[in-house]
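Asker: any chance you can model this:
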Amino acid sequence: MKTTRIGNPSFFIPRHTEPLEERRRLAALRRYSSVNTFSELAFDRVSAAARRRWQTRIALIGFVDDVSVLLKSLLGIKLDRIPRRGSFFDSTILSREITVVEDALSDTRFADHAFTQNQRIRFYAGAPIRVGGFNLGALCILDDRRHSFGADDRKELAEMASVVADETETPGYQAFAATLGVSLFELRPTLGGSNT
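Answerer: The predicted structure is shown next:
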């Protein structure tokens, strides 16, 4: 997949997104009650697999509303929400492609964001979580050191984000596992590689 390069948004509604499209996206976000009520257990397993696979300090799964990012799974950090404007998540939901930032401190889009500064973020890779035709959020990995992230890495991260999207559309973990005929424990070798 290609790396997405997008200008820094100036408003809570991204300048590259039509207001009507954004309103529809927010309406879709509200329709999926799992974003607000579903247990984070299944999400945590996916983010743990991503963190383990790429050996990063932080892995997050977040859903983007009009002003903030609601973090439903967070490893390596203690937060509930982060401001949407100018964030990594805000750029990620603008595209179906993977967003990769190899050095956030030298990237003018993100260098001055409070999250980047406070967490000393250097590397970011995020895959949009696409549900019902809309990018509702993102699965991402972050680190305080630079990483290379090739085409195979992008493909694998996108596949993990698809698992999160499927989970979001399902009323609960057991129903999701039943549709696959396996549990997310059994998916972990496929998603996350070896335990390291």
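
Asker: does anything pack onto the lengthiest helix in the chain? Which helices or strands?
Answerer: Among all segments of the chain classified by DSSP state H, the helix with the greatest residue count is helix 151-168. Under the contact definition 3 or more C-beta pairs under 8 Å, 6 or more residues apart in numbering; DSSP states H and E, helix 151-168 sits against helix 34-37, helix 41-54, strand 123-131, strand 134-143, helix 173-180, helix 184-192. In this view, the C-beta of every residue, glycine as well, is placed from N, C-alpha and C.

Asker: and these, which one's lowest on average pLDDT?
Answerer: For those, mean pLDDT drops lowest on helix 184-192, to a mean of 38.

Asker: okay, angle between the longest helix of the chain and helix 41-54 too, please.
Answerer: With axes from the mean of the first three to the mean of the last three C-alpha atoms, to 10 degrees as the basis, helix 151-168 and helix 41-54 are set at 170 degrees to each other.

Asker: next, the angle from helix 151-168 to strand 123-131.
Answerer: Orientation of helix 151-168 against strand 123-131 (the same axes, to 10 degrees) gives an angle of 40 degrees.

Asker: may I have helix 151-168 as CSV, with CA atoms only?
Answerer: Only the C-alpha atoms of helix 151-168 are listed here, as CSV (Å, rounded to 0.1, in the frame of the first residue of the first chain):
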residue,chain,number,x,y,z
ALA,A,151,4.6,-2.9,1.8
ASP,A,152,4.2,-6.2,3.6
ASP,A,153,4.0,-4.3,7.0
ARG,A,154,1.3,-2.0,5.6
LYS,A,155,-0.7,-5.0,4.3
GLU,A,156,-0.5,-6.8,7.6
LEU,A,157,-1.6,-3.7,9.6
ALA,A,158,-4.5,-3.2,7.3
GLU,A,159,-5.6,-6.8,7.9
MET,A,160,-5.5,-6.3,11.6
ALA,A,161,-7.6,-3.1,11.2
SER,A,162,-10.1,-5.2,9.2
VAL,A,163,-10.5,-7.6,12.2
VAL,A,164,-11.3,-4.5,14.4
ALA,A,165,-13.8,-3.4,11.8
ASP,A,166,-15.5,-6.8,11.9
GLU,A,167,-15.5,-6.7,15.7
THR,A,168,-17.2,-3.3,15.7
